[in-house]
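1. model this:
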Amino acid sequence: MRGFTFLVLAAIAGIGFTATAHKAEAQVGVEIGVAPECPYGYYDAAPYNCAPTGYYGPEWFNGDGFIGVGPWFHGANEFQGNVDNRLHPEHGYKGPTPKRGEKAEPSKRVDSAHFKGNEMRDGRGHVAEGKK
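-> Numbering: from 1, shown residues only. Here you go, the predicted structure:
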């Protein structure tokens with residue numbers, strides 16, 4: 001009888017522990033938000049800081065509008081454009097960058113005759129096959 005009582009008490013305790021155990025609920029939140037307002041485009045990786053003039057080649061712009069990169073890319077799927085990755089912080093660049101919301105200075109805009117890109121990228125931040 002003593003063994004049966006122990007078994008019943010163990011079962012009740014087990015039920016009590018499972019009833020009070022918290023279930024883990026997975027939550028996934030994806031917020032893209034509004035693209036950063038950067039006069040010469042923004043880097044293609046978080047935290048999406050503003051890139052300096054000369055980082056992107058002229059094909060990345062439609063008039064004065066940047067076609068975007070990363071989650072805000074709105075160009076063709078097969079798009080490939082030149083960048084000068086020497087102006088990226090991951091490659092050691094520590095020079096000046098514009099602040100969000102600054103306006104572009106036309107005298108700083110780099111045209112195709114003066115752009116010195118060294119890497120091809122697609123609009124999602126991936127290095128493309130046509131590397132220079």
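2. Might one say that N118 is in contact with H91?
-> No. N118 is not in contact with H91 according to Cβ atoms under 8 Å; the separation is 9.7 Å. The C-beta positions use only the backbone N, C-alpha and C, and glycine is treated the same way.
3. Can you pull the residues that touch both of these two?
-> With contacts defined as Cβ atoms under 8 Å, 6 or more residues apart in numbering, the residues shared by N118 and H91 are N85.
4. Identify the spatial nearest neighbour of R124, chain neighbours not counted.
-> Closest residue to R124 apart from its sequence neighbours, by Cβ to Cβ, 6 or more residues apart in numbering: F73 at 5.9 Å.
5. Please apply the same query to V69.
-> Nearest residue to V69 in three dimensions, chain neighbours excluded: D44, at 3.9 Å (Cβ to Cβ, 6+ apart).
6. Give the burial count for the one you found, as a bare number.
-> With neighbours defined by other Cβ atoms under 10 Å, the count for D44 comes to 23.
7. do you know how far it is from I12?
-> Here D44 is placed at a distance of 59 Å from I12 (Cβ to Cβ, to the nearest Å).
8. repeat for Y42
-> 61 Å.
9. More neighbours: which of these two?
-> A direct count of neighbours by other Cβ under 10 Å for Y42 and I12 places Y42 higher, at 25 against 10.
10. Verify the stated contact: the more buried one with Y55.
-> No. Using Cβ under 8 Å, Y42 is not in contact with Y55, being 9.4 Å away.
11. So which residues of the protein form strands?
-> Using DSSP state E, the strands found in the chain span residues 61-62, 65-66, 81-83, 119-121.
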